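Chemist: Return atomic coordinates for the entry below.
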Amino acid sequence: MEPLKPVSPGARIALGAGFFAVFIAAWGVATYGGWVPPLFLASPGKTLLAGWSLLTEFGFLGDIAVTIWRVVGGFLIAAAVAVPLGLLMGAFKPIEAFFEPFLSFARYLPASAFIPLLILWAGVGEAQKLSVIVIGSVFQLVIMVAGVAGATRPDLVEAARTLGSGRLAILRRVVIPAAAPQIAETLRLVLGWAWTYVIVAELIGATSGIGHMIMDSQRLLDTGQMIFGIAVIGIIGLVTDLLFKAVNRRLFPWAVL
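Modeler: Predicted coordinates for the structure are as follows:
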């Protein structure tokens, strides 16, 4: 190994799969070897059986679909607000000076702290769950997009101004194209955060979703179902992340993402 030396795609896949193999082997040793009681940690085999039961007998696919819909809905709302505002803040410093103090304050507020208020305001329906995702994502996303847009090379802006471009033309033709690859990467990262917020939202007052299933399994002390639900979240997140990376590479082949 050499510092910062890249590895081949094949080696990357093999090393990543190797970690999962070591993790599952250690899990199996801990459970099948009797080191951890089944009440606290189900074995890999029991977890798979519990997952199969969830999928075939308890309609878990419906819960998965509901959770994905909530994540996508909340994330799209947050992105629709945050990306334009972040671009304006990054490009125009008076707008940044107006919004940044509040956003810097709001981004430290935990989304879970708003759940009691959101239940009071919006009930326990979909609006409350979407609101948790939006609150948890939008403030961070605005700050990150503004930072990316504000890092646009000044010489490009000056060249466009010299050629007669106005303020909005510079935003449209210089700032947005220059920032687009990193904004796409920022959206990929924030989508991962949205998954954490949706599970928090589903733990309270939900009648469907992966988080709701995990809470029901906790009441039954079924660690196999709980672990399977957590694993499903990780698998969906991993697949989404890989798809996002593939789309970004296709849209912005000149950028190193």
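
Chemist: Next, the residue nearest to residue 186 when sequence neighbours are not counted: phi, psi?
Modeler: Nearest residue to residue 186 in three dimensions, chain neighbours excluded: residue 144, at 4.7 Å (CB to CB, 6 or more residues apart in numbering). In short, each C-beta sits where N, CA and C put it, glycine included. Residue 144 adopts backbone torsions of phi -70, psi -40, taken as degrees, to the nearest 10.

Chemist: burial measure for residue 144, as a count.
Modeler: 20 (other CB atoms under 10 Å).

Chemist: Ok, the one 3 residues further on next?
Modeler: Here the count is done by other CB under 10 Å, and residue 147 has 15 residues near it.

Chemist: now the one 4 residues further on
Modeler: For residue 151, the tally of surrounding residues (other CB under 10 Å) stands at 13.

Chemist: ok, now the one 4 residues further on?
Modeler: Applying other CB under 10 Å, we find 8 other residues in the vicinity of residue 155.

Chemist: Check residue 105 too.
Modeler: Residue 105 has 10 nearby residues by other CB under 10 Å.

Chemist: picking that back up, contacting residues around the residue nearest to residue 186?
Modeler: Listed by CB atoms under 8 Å, 6 or more residues apart in numbering, the contact set of residue 144 reads 86, 186, 189-190.

Chemist: nearest spatial neighbour of residue 61, skipping sequence neighbours?
Modeler: residue 55 is the one closest to residue 61 (CB to CB, 6+ apart), at 6.2 Å.

Chemist: hey, C-alpha coordinates of the helix or strand encompassing the one you found in CSV?
Modeler: Residue 55 belongs to helix 44-57 when assigned by DSSP states H and E. Provided in CSV are the C-alpha atoms of helix 44-57 (Å, rounded to 0.1, in the frame of the first residue of the first chain):
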residue,chain,number,x,y,z
PRO,A,44,-27.3,-14.6,10.9
GLY,A,45,-29.5,-17.7,10.2
LYS,A,46,-32.3,-16.6,12.5
THR,A,47,-32.1,-13.1,11.1
LEU,A,48,-32.6,-14.4,7.5
LEU,A,49,-35.5,-16.6,8.7
ALA,A,50,-37.1,-13.6,10.4
GLY,A,51,-36.7,-11.5,7.3
TRP,A,52,-38.3,-14.2,5.1
SER,A,53,-41.2,-14.3,7.5
LEU,A,54,-41.6,-10.5,7.4
LEU,A,55,-41.6,-10.5,3.6
THR,A,56,-43.9,-13.5,3.1
GLU,A,57,-46.3,-13.2,6.0
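
Chemist: separation between the residue nearest to residue 186 and residue 157?
Modeler: 20 Å (CB to CB, to the nearest Å).

Chemist: Please report how far residue 54 lies from residue 229.
Modeler: According to CB to CB, residue 54 stands 8 Å off from residue 229.

Chemist: Any stretches of the stretch 151-257 of the chain with poor pLDDT?
Modeler: Applying pLDDT under 70 to the stretch 151-257 of the chain flags residues 256-257.
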